[in-house]
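Trainee: Sequence plus predicted model, see below.
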Amino acid sequence: MIATNLSLDIETSGLHADKGDYITCLGLGSHQGFQQQAGRSEDEEFDVITDFFTAWTTGLRGIGKDDVIISYNGRGFDIPFISQRAALLGIQCPSSLLKTKHIDMSLYAKKVNHAYIS
């Protein structure tokens, strides 16, 4: 099986999943296509998250052991925020979302910026 690079990004109403901020948009893309789940209010967040998890597990792709998530601050913000909001809403987060290899471009940007400034 050929590895798939998966682009992942979320938009939120704020920075604090545990203090009432919520997910307004989840996007997942690969060479196979792009899926986006969006809501207009906190009341629609449950559907946004469950639709995203469906796309993650069955829709856009099958999960392969060599697949890689590519994001910007996904490891430090997106994935933890998704996981926290899902738990608060009583939604089971797919373990594969948490276990898939991840390249977080914000970590590389910090290294480049530090080297450039130094």
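Mentor: Noted; the coordinates are in hand.
Trainee: From the chain's centroid, how far away is stretch 93-113?
Mentor: Averaging C-alpha positions (C-alpha atoms, centre = their mean, to the nearest Å) puts stretch 93-113 10 Å from its chain's average.
Trainee: Contacts for that stretch, please.
Mentor: For stretch 93-113, the surrounding residues in contact (C-beta atoms under 8 Å, 6 or more residues apart in numbering) are 6, 53, 56-57, 63, 66-76, 79, 82-83, 86-87. Placement of C-beta: from N, CA and C, glycine included.
Trainee: tell me the helices in this structure, going along the chain?
Mentor: For the chain, the helices defined by DSSP state H cover 45-54, 79-88, 95-99, 105-117.
Trainee: Quick one: low-confidence residue ranges for the protein.
Mentor: For the chain, applying pLDDT under 70 flags the ranges 1-3, 59-65, 113-118.
Trainee: change it to 90
Mentor: 1-6, 28-37, 39-41, 54-68, 95-101, 107-118 (pLDDT under 90).
Trainee: What is the burial count for the closest residue to Gln35 other than its chain neighbours?
Mentor: Nearest residue to Gln35, sequence neighbours excluded (C-beta to C-beta, 6 or more residues apart in numbering): Ala55, at 4.5 Å. Neighbour count for Ala55, taken as other C-beta atoms under 10 Å: 19.
Trainee: Same check on Ser71?
Mentor: With neighbours defined by other C-beta under 10 Å, the count for Ser71 comes to 20.
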